[in-house]
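> kindly generate the corresponding structure for this input.
(chains A and B)
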2 protein chains.
Amino acid sequence: MKKKNAGSKFNNVVVAQSGGPSMVINGSLMGVVCGCRDAGKKHFGKILGARHGIAGILGRDYHEFGKVTDDEAIAIARTPSSALGSCRLKPTAEDCRKIFEEFKRLEVGYFFYIGGNDSADAARIVAEEAEKDGYPLVVYHVPKTIDCDLRSCDHTPGYGSAANFVARAFMGDDLDNRALGGCKIDVVMGRDAGFLTAASALARTYKGAGPHLIYLPEVPFSVEGFVKDVQAAMKKHGRCVVAVSEGIRDKKGVSIGAQFAGGEKDSHGNVQMSGTGALGDHLAKIVKARAGVKRVRADTFGYLQRSFPGVQSASDLQEALTAGGMAVACALGAASGNAECPTKGTIGIQRKKAAKGAYEAEFLPLPIQDAAKYTRSLPKNFIAKNGHDVTSAFVEWAKPLVGELPPIAVL
Amino acid sequence: MKKKNAGSKFNNVVVAQSGGPSMVINGSLMGVVCGCRDAGKKHFGKILGARHGIAGILGRDYHEFGKVTDDEAIAIARTPSSALGSCRLKPTAEDCRKIFEEFKRLEVGYFFYIGGNDSADAARIVAEEAEKDGYPLVVYHVPKTIDCDLRSCDHTPGYGSAANFVARAFMGDDLDNRALGGCKIDVVMGRDAGFLTAASALARTYKGAGPHLIYLPEVPFSVEGFVKDVQAAMKKHGRCVVAVSEGIRDKKGVSIGAQFAGGEKDSHGNVQMSGTGALGDHLAKIVKARAGVKRVRADTFGYLQRSFPGVQSASDLQEALTAGGMAVACALGAASGNAECPTKGTIGIQRKKAAKGAYEAEFLPLPIQDAAKYTRSLPKNFIAKNGHDVTSAFVEWAKPLVGELPPIAVL
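Numbering: from 1, shown residues only, chains lettered A, B, ... in the order given. Predicted coordinates:
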């Protein structure tokens, strides 16, 4: 059964990036661009990159992708952060009207939006408003988030590389703490979900290696418990390395870090968490005053977790490229009436139930609302019973995503 | 002319690491260990690694290096941080008496101490007290510091790799700022000297790339000037990435950051600067309140700068190994009465005046006091006239030390 979708009237493409950058979000951009290029002029006309997400459409600010060679594509894909620029903008109905006027002017029939749950929600709003207005548009969200918290994915492009950075950072920082002693607290990104903080566990490559304590947003944080945990770890190891998510909350669900972060909010209602060292400093003061530890230091890994060049996970980059290419294929499917491909879609990433030990991912079209707005948390079986560690099930799950880590040798 | 040095009575060796770890300090450790191994039993007996520097001697805590293979040595050398552990201890005359009793018990004739200016000073004190006491000891300091501020060296093992981390960090963070805009402030290590902060300039690989402003301890910092500089950069680039040394001082020479750091001091009198995000947060508040910038973020790179695995500079690691090996050769020279080799020595590293463009370092024995206690600053010709940048002379000087950086591609 084939039905010609209304989207076939226009065949120009707008692609954009949104939300926090990642180390491989340009992989997905190049996946979309090369996917359209390879499908050919029969299917796709101009490929326009809107600068700074939806803001670039509203402001008529584009990069036109001409003949992109594979070498150029790989060079961009290997470069961290969002090559087109980004934004954190939830479009209003009024914004959508302006977007459709602009799309009509440019004869745009396809819109690809690369980002996390808020970006998926922005794309969903655009897609639903287009339908209301009768504007013929195929919309695909391409998943990206270092937080790994999309409901539509086992894991998301961007996570593996950020997790690689976090694991390396803890490998090094644990050795630093081993040399000079005391308690070291490192604050890791992840507003709602503990996947990235959990990746610190991959740093443990020898007996007694840190992090010795891991605090996740999924487990209520109590100052009393924290002080006791640190004291116990100091007693056991003579030192203590602590991984803390920036998103830790008390038993009422109130964020511990938000109070220090100045209260800045984006248009999706998210409070700014990163870009300040205040939570780490607060926890360090507690350990100094109440756990009786003399040498206490805190670092906040900050934006390096999503932008540091040279630590891309190979599988993460490959999956970012594939997710972009898959979005193009599904958009074409939708335009040609393939019932499996929604016209308002996202790309789900699932893990194949392969032979034991083998890792393989599969990519599939899903309704865009499956990725939009709400996030998922670290599954219960990934959280240790004591509430301040992860399980071996998490470590096995994460390993193939994170890729190669440098070898560590101790005396 | 040969004279048998009193040191020949004992031929066991103690080697230790002191001060802040680096990414290649284990290279120098392995340079010493393999140097002694290769000189053979005729010259050196047991090789004892004291754990946590001088504290390990006072506490009789050793790792005995047995038959170390080249593969084992390379694995340790490639691992960041101090494999033997470290300390920040200035020995008293009383400590020295205990050290000599212990050395006598262990029949130690050679003492190698790997570290920065404070560690050189500690080794100098041990060496001078040994001479006073008539204890036969050859002492060699092996240079190490990510700050690059030893007076006896053009550059120090540890600097190139830390500078590589800093350059990468700014490459990524500049792209992140390019995507989301606003002002980003990054605080870099370096209590007294701006070499490491200056390395941020190596991140500039395309027109308009940040950091757009670089603040060094060598140039008095004024809040008014800073606010004006940020406003000018925002006007020029539409965004602004700032590199700030943790050691910036006002015109009276008072540290800006020390007021936030809790006042903790080590036994050399150094105030703790790292391990807190307070200076960055302080500067971010200023930019928000006074420069009229809406989106302002601050990160403090912290201990990752000296411990992150996988970004060792190849030349830095090689020079760390060579410095260790050279210390052994010079210690042997001293013991056999070679007048060029002091019995209380350090290894100077100088740049050969080679053919233009070619880089080569030379290693030479110097009196230990040449490295001890006092530090050097960034030379004037490395600091831009405007006071908030470095010169191309600095960039050319730094490039061969920092090694390979990942390629960056922008649209």
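> got the contact list for the residue of chain A found nearest chain B?
Here the residue of chain A nearest chain B is residue A:277; by CB to the nearest CB that distance is 1.4 Å. Any C-beta I mention is one placed from the backbone N, CA and C, and that applies to glycine too. Taking CB atoms under 8 Å, 6 or more residues apart in numbering or on different chains as the criterion, residue A:277 is in contact with A:187, A:298-300, A:302, B:276-278, B:280-281, B:298-300.
> out of these, who's nearest residue B:227?
Distance to residue B:227 across the contacts of residue A:277 (CB to CB) is lowest for residue B:298, with 15.0 Å.
> where does the stretch 151-300 of chain A have low pLDDT?
Residue ranges of the stretch 151-300 of chain A with pLDDT under 70: A:261-263, A:273-274.
> so which residues on it come close to chain B?
Contact residues, the stretch 151-300 of chain A versus chain B (CB under 8 Å from any CB of the partner chain): A:168-169, A:171-173, A:175-176, A:178-181, A:184, A:262, A:264, A:274-278, A:280-281, A:284, A:288, A:295-300.
> strands - which of these land there?
Among these, DSSP state E puts A:184, A:296-300 in strands.
> the residues you listed: which two are farthest apart?
The most distant members of those, if one measures by CB to CB, are A:296 and A:300, lying 14.4 Å apart.
> which one of these two is surrounded by more residues?
For residue A:296 and residue A:300, the more surrounded residue by other CB atoms under 10 Å in any protein chain shown is residue A:300, and the numbers stand at 33 against 24.
> surely that one touches residue A:185?
No: the pair residue A:300 / residue A:185 is not scored as a contact, 9.1 Å apart, by CB atoms under 8 Å.
> anything in contact with each of these two?
residue A:280.
> which stretches of the stretch 51-200 of chain A form strands?
For the stretch 51-200 of chain A, the strands defined by DSSP state E, counting those that start in this stretch cover A:62-65, A:108-115, A:138-143, A:182-188.
> again but with the stretch 301-411 of chain A, I slipped
A:344-351, A:361-367.
> so how far is residue A:266 from the closest residue to residue A:370 other than its chain neighbours?
Setting aside the residues directly before and after it, residue A:370 is nearest to residue A:152 in space (CB to CB, 6 or more residues apart in numbering or on different chains), at 4.2 Å. If you measure residue A:152 against residue A:266 using CB to CB, to the nearest Å, the figure is 22 Å.
> and the nearest residue to residue A:81 once chain neighbours are set aside, how far is that from residue A:83?
Distances taken as CB to CB, 6+ apart put residue B:175 closest to residue A:81, at 3.5 Å, once the chain neighbours are dropped. Applying CB to CB, the value for residue B:175 to residue A:83 is 8 Å.
> what touches both of the two?
Shared contacts of residue B:175 and residue A:83, defined by CB under 8 Å, 6+ apart, are found at residue B:410.
> so where do the helices sit in chain A?
Shown for chain A, the helices assigned by DSSP state H span residues A:25-39, A:54-58, A:70-77, A:93-106, A:117-133, A:159-180, A:195-198, A:223-237, A:278-290, A:304-307, A:314-335, A:392-402.
> which of the ones you listed is buried the deepest?
Among the helices of chain A, ranked by average contacts under mean count of other CB atoms under 10 Å in any protein chain shown, first place goes to helix A:195-198 (a mean of 30).
> can you list contacts of it?
When contacts are defined by CB under 8 Å, 6+ apart, helix A:195-198 is touched by residues A:146-149, A:155, A:159, A:162-163, A:166, A:188-190, A:214-216, A:243-245, A:305, A:378, A:382, A:390, A:394, A:398.
> so what pLDDT did residue A:8 get?
We have a pLDDT of 52 for residue A:8.
> for the one 3 residues further on, same thing?
As summarised for this prediction, residue A:11 has a pLDDT of 95.
> returning to what we had before: which among the helices of chain A is found nearest to residue B:90?
helix A:159-180 (15.7 Å).
> against residue A:42, how distant is residue A:139?
For residue A:139, the distance to residue A:42 (CB to CB) stands at 21 Å.
> neighbour count: those two, which is higher?
Taking other CB under 10 Å, residue A:139 and residue A:42 do not tie; residue A:139 has more neighbours (26 against 7).
> in contact with the closest residue in space to that one that isn't next to it in sequence, which residues?
If the residues on either side of it in the chain are set aside, residue A:139 comes closest to residue A:127, at 3.8 Å by CB to CB, 6+ apart. Residue A:127 sits next to A:111, A:137, A:139, A:343-344, A:368 when contact means CB under 8 Å, 6+ apart.
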